[in-house]
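1. build me a structure from this.
(chains A and B)
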Amino acid sequence: MTLLTTGLGAHIRSASIRGKVKGGENSARSILFLVILWLSLFVSFGVLLTLIITTLIDGADRLDARLITEFPSSAPERAGLRPAILGSIWVIGVTAVLTIPLGVAAAIHLEEFADRKKWINRVIELNVQNLAAVPSIVYGLLALGFLALLGVQNKNIVIGGALALGLLVLPVIIISTREALRSVPVEIRQGSLALGATPLQTVWRQTLPASVPGIATGAILGLSRALGEAAPLLVLGALVFVSFDPNGLLSGYTTMPIQIFNWTSRPQAELHELASAASILLLGILIAMNGLAIFIRNRYQQRW
Amino acid sequence: MSTLTPVGGPAIQPGRPAVSLMSTRPRHGETLVRLVLRAAAILTILITIGILVALLVPSIEFFRTVSVADFLFGDRWAPRFADASFGVLPLISATLWTSGIALLVAIPLGLGAAIFLSEYALPGVRKVLKPILEILAGIPTVVFGLFALQFVQATVLREWFALDTGAFSVLAAGLVMGVMIVPTIASISEDAMSAVPLGMRQGSAALGANRMQTTVRVVFPAALSGIIAAIVLGVSRAVGETMIVAIAAGGQARMVTGPLEQGQTMTGFIANAALGDSRVGSLEYDTLFAVGLLLFLVTLLFNFISIRFVRRFREIY
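-> Down below sits the predicted model:
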């Protein structure tokens, strides 16, 4: 009997009673139900496909080297994404440097050392879950308020954008790191402790190395979310005309999604075409990052 | 004497080792590192406090000029006009329309996808379909916005259906936002349904129920708290989504009375107002934070409801 042996998904194969019982697997209602389920998946995938195809059609003509090498310009045929690409690299790079160590440290504390019965640790846990669902634009407002508090006159600086995006990515990294640490079996820790390692040595030499693939996957997914995010940077005034390469933490910048938003909100059709071409580039980068994350997960994840 | 005293040996107290198993030499370096780890965890609470302070301080300034009642119940939003008015209802009406339409799309599609993946899909099919859903979740919202504006609004609604609508509508923004939320609802409800023990399905099948009946009458009710959590989180994402509505829903804050009208949502207002360079401390600047505070409180409420329900299904199974 398949009924008892297979796992989730294929567990109710009532082949032997098919057709004999009223309302069996092949009844009209059952089939209709399955058709509706299929439809709901196909509508989602259909929209995804339509989005990619229409963007490709709209932007294909401008998907060329100029898009990468040129600065934005009032003349659409000469405009490009160069400073926006460099700006994205700067902001995401600084975000990664700020958040990955912090997120991993917080996750190690919560998962390995924190006493779950203490109220403070419960509050932290609940808080991280909530932070992961705070609208991104609120993080922009927080960064804006913080920069105002420091008396920074020019809000449009790389470190400000990285701060806002860092707040957005931090909960994602904490949650995925915790899951990665949790998947390391407790016997590994016990074995290490039994050999005389201190709890911290156990984390540093056993638990953490074993969860690196999971942490890397989570970090890449979190950073790819930050790369596509525009709302918090919009609040920080990143929608500016940048005609230079950003070159430091205090440099002005714009990013790819902001540049796309900029071109989308103008009336000229040529700029919409540019926005589509830039979207294709951004989508390509993001899908590559997602693919890398899935590859790492499948290739290096240890099964215990 | 209650303690055992072996001849010539020390007293052994039951239940407690005579020698501590922990190292006797204090390791100051380790203590320091653990303090650093703890500080990193506590920082997350400081972020929440930071959000509250950053939003509250300018908001209090704002409510010194505008009364809370005028803000919450006024139906005219014109912060930049000479006769400025700060009734937030037009922004809320647009937010309700876009989020409502988005949920009408996202709930059936997300649940359908979740049921299929959890109850029907063979492992191989599942392995292919899930990453595609993850790609959908990874598409930047500006790209969704561009799609809503150029394809859904301009081509589908205006050309194909010849609907009487302008360059922007809450319908186009809501429809696309709905598709954006599908992966959120699908993945959490799928987790909840997969967590329902196999024994319950087998019991249902043994009583003669087919797979559809098992799904609808056994698995679905058993996973209900997780499904509600998924939907509530979807609401929170819809209310907080910015770029799609900023691009495709329009920029004029008026009461929205139908899906083909344009409207400015709370997030759309913040995004647009931030574009104008408002001076720190001006009323315009404070307005941004007052709306931000309202948005944060609404999503906070939904997030906590969602977390509550997730905990419940995790506790049962």
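2. quick one: low-confidence parts of the chain?
-> No chain in the question, so chain A it is. Judged by pLDDT under 70, chain A has its weakly predicted residues at A:1-23, A:304.
3. if you could check chain B rather than the one you did, that'd help
-> Using pLDDT under 70, chain B drops low at B:1-24, B:276-278, B:313-317.
4. which stretches of it form helices?
-> B:28-65, B:68-73, B:89-115, B:123-138, B:141-147, B:170-194, B:198-206, B:211-214, B:220-222, B:224-240, B:243-248, B:266-275, B:283-316 (DSSP state H).
5. tell me the most buried of the ones you listed?
-> Highest mean neighbour count among the helices of chain B (mean count of other C-beta atoms under 10 Å in any protein chain shown): helix B:243-248, with a mean of 32. C-beta here means a position set from N, CA and C on the backbone, and glycine is covered the same way.
6. now tell me what touches that one from outside.
-> Helix B:243-248 is contacted from outside by A:230-231, A:234, A:257, A:261, A:264-265, B:94, B:98, B:140-142, B:144-146, B:148-149, B:152-153, B:168-170, B:172-173, B:176-177, B:180, B:265, B:267-268, B:271-272, using C-beta atoms under 8 Å, 6 or more residues apart in numbering or on different chains.
7. go with 6 Å
-> A:230-231, A:264, B:98, B:141-142, B:144-145, B:148-149, B:172-173, B:176-177, B:265, B:268, B:271 (C-beta atoms under 6 Å, 6 or more residues apart in numbering or on different chains).
8. again with stretch B:126-145
-> In contact with stretch B:126-145 (C-beta under 6 Å, 6+ apart) are residues A:48, A:228, A:230, A:257, A:260-261, A:279, A:286, A:290, A:294, B:117, B:176, B:180, B:183, B:243-244, B:247-248.
9. would you pull up how far it lies from the middle of the chain?
-> 17 Å (C-alpha atoms, centre = their mean, to the nearest Å).
10. what's around the closest residue to residue A:270 other than its chain neighbours, how many residues?
-> Nearest residue to residue A:270, sequence neighbours excluded (C-beta to C-beta, 6 or more residues apart in numbering or on different chains): residue A:76, at 3.6 Å. Look at residue A:76: counted by other C-beta atoms under 10 Å in any protein chain shown, it has 17 neighbours.
11. which residues touch residue A:76?
-> Contacts of residue A:76 (C-beta under 6 Å, 6+ apart): A:270-271, A:274.
12. over to residue B:117?
-> Contacts of residue B:117 by C-beta under 6 Å, 6+ apart are B:126, B:190.
13. give me the buried entries from the contacts of residue A:76.
-> Among the contacts of residue A:76, those classed as buried by 16 or more other C-beta atoms under 10 Å in any protein chain shown are A:271, A:274.
14. residues in contact with residue A:37?
-> Per C-beta under 6 Å, 6+ apart, neighbours of residue A:37: B:112, B:115-116.
15. how close does residue A:35 sit to residue B:186?
-> 18 Å (C-beta to C-beta, to the nearest Å).
16. hang on, I meant residue B:106
-> 9 Å.
17. residue A:293 contacts residue A:219, doesn't it?
-> No: assessed by C-beta atoms under 6 Å, residue A:293 is found out of contact with residue A:219, at 8.6 Å.
18. which residues sit against stretch B:157-164?
-> With C-beta under 6 Å, 6+ apart, stretch B:157-164 has contacts from B:165, B:260.
19. that one: end-to-end distance?
-> 9 Å (C-alpha to C-alpha, to the nearest Å).
20. buried set for that stretch?
-> Residues B:157-158 are the ones in stretch B:157-164 that count as buried (16+ other C-beta under 10 Å).
21. and that stretch, how far out from the chain's middle?
-> With C-alpha atoms, centre = their mean, you get 32 Å for stretch B:157-164.
22. what does stretch A:280-296 give?
-> That offset, for stretch A:280-296, works out to 10 Å (C-alpha atoms, centre = their mean).
23. list the buried ones in that stretch?
-> A:280-283, A:285-286, A:289-290, A:293-294, A:296.
24. and what of stretch A:149-156?
-> Going by 16+ other C-beta under 10 Å, stretch A:149-156 has these buried residues: A:152, A:155-156.
25. is it possible to get JSON lines of those that adds distance to residue B:301 and secondary structure?
-> JSON lines is the format used below for these (distance: C-beta to C-beta, whole Å; DSSP: H, G, I helix; E, B strand; the rest coil):
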{"residue": "A:152", "distance to residue B:301": "32", "secondary structure": "coil"}
{"residue": "A:155", "distance to residue B:301": "30", "secondary structure": "coil"}
{"residue": "A:156", "distance to residue B:301": "33", "secondary structure": "coil"}
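26. would you turn the residues you listed into a markdown table with distance to chain B?
-> Below are those laid out as a markdown table (distance: C-beta to the nearest C-beta, whole Å):
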| residue | distance to chain B |
| --- | --- |
| A:152 | 10 |
| A:155 | 9 |
| A:156 | 10 |
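27. now the stretch 201-304 of chain A against chain B: closest residue?
-> residue A:228 (2.9 Å; C-beta to the nearest C-beta).
28. that residue: what's its closest spatial neighbour, skipping adjacent residues?
-> Nearest to residue A:228 is residue B:140, by C-beta to C-beta, 6+ apart, at 2.9 Å.
29. where's that neighbour relative to residue B:241, distance?
-> 12 Å.
30. between those two, point out the one with more neighbours.
-> Using other C-beta under 10 Å, the more surrounded residue of residue B:140 and residue B:241 is residue B:241, with 29 against 24.
31. show me the contacts for the residue lying closest to the more buried one once chain neighbours are set aside.
-> Leaving aside its sequence neighbours, residue B:241 sits nearest to residue B:177 (C-beta to C-beta, 6+ apart; 5.6 Å). Counting by C-beta under 6 Å, 6+ apart, residue B:177 makes contact with B:102, B:238, B:241, B:244.
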